[in-house]
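*Asks:* sequence? don't have it. structure:
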């Protein structure tokens, strides 16, 4: 059980680097991933793609898997980054709600969410990465848009939060530790 002395690492949002912040929050470590390491993964994904998109002047900024200035990395970067650290990712079937997620599974490292964000009166629509993680027996919302991590009082509150995310079109990804 978490105590007053439990240290929670929480990176705050900067530009559209929410995937970077989400991964560092998941690993509870500054620079577990860096902008350079995620950019390298994204560039390698382009090189490995058999159906490469032809170059245009906009290709300098808008890459297939990220934006070169603001970040905004896609799911492919997340998957490769986590696999590189020996983690596996399971996409939760939204038709089942959160009731089938085993929050007590010892191999569950954390949960990464991808949600729609609408700002400026509906003029701006994008996606945002959020990490939920159990630390010392307590679940935390480590959303980089929050000023500080938010504590869930119990598993039921986590499930209600996940069901709300699912019902609003969010994606739920279970990050599992390698059991080997």
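*Replies:* On my side now, so go ahead. Because the structure is a prediction, the values reported are computed rather than measured.
*Asks:* Pull the number of nearby residues for residue 91.
*Replies:* Neighbour count for residue 91, taken as other C-beta atoms under 10 Å: 11. (Each C-beta comes from the backbone N, C-alpha and C, glycine too.)
*Asks:* wait, residue 104
*Replies:* Neighbour tally, residue 104, other C-beta under 10 Å: 9.
*Asks:* How about the contacts made by the spatially closest residue to it that is not a sequence neighbour?
*Replies:* Once flanking residues are discounted, residue 104 sits nearest to residue 155: 7.6 Å by C-beta to C-beta, 6 or more residues apart in numbering. Going by C-beta atoms under 8 Å, 6 or more residues apart in numbering, residue 155 touches 103, 104, 139.
*Asks:* same question, residue 22
*Replies:* Under the criterion of C-beta under 8 Å, 6+ apart, the neighbours of residue 22 are 112, 129, 130, 131, 142, 144.
*Asks:* Could you do residue 160 as well?
*Replies:* Contacts for residue 160 (C-beta under 8 Å, 6+ apart) come out as residue 98.
*Asks:* and if we set it to 10 Å?
*Replies:* Residues near residue 160 by C-beta atoms under 10 Å, 6 or more residues apart in numbering: 98, 152.
*Asks:* Now it: which helix or strand?
*Replies:* Residue 160 is part of helix 155-167, with elements assigned from DSSP states H and E.
*Asks:* ok, residue 35 - how many residues close by?
*Replies:* 15.
*Asks:* Distance of it relative to residue 161?
*Replies:* 29 Å (C-beta to C-beta, to the nearest Å).
*Asks:* Could you list the low-confidence segments of this protein?
*Replies:* The model of the chain has pLDDT under 70 over residues 1-5, 14-17, 45-71, 119-120, 122-125, 179-180.
*Asks:* Now do the helices in it.
*Replies:* Assigned by DSSP state H, the helices in the chain fall at 18-27, 35-48, 75-84, 155-167.
*Asks:* in the third one, what counts as buried?
*Replies:* Within helix 75-84, the residues that qualify as buried are 75, 76, 77, 78, 79, 80, 81, 82, counting by 16 or more other C-beta atoms under 10 Å.
*Asks:* now it and helix 18-27, what's the angle there?
*Replies:* Note on geometry: by axes from the mean of the first three to the mean of the last three C-alpha atoms, to 10 degrees, helix 75-84 and helix 18-27 are set 30 degrees apart in direction.
*Asks:* what's the burial count for the residue nearest to residue 109 when sequence neighbours are not counted?
*Replies:* Nearest non-adjacent residue to residue 109, counting by C-beta to C-beta, 6+ apart: residue 175, 4.6 Å away. For residue 175, the count of nearby residues is 23 (other C-beta under 10 Å).
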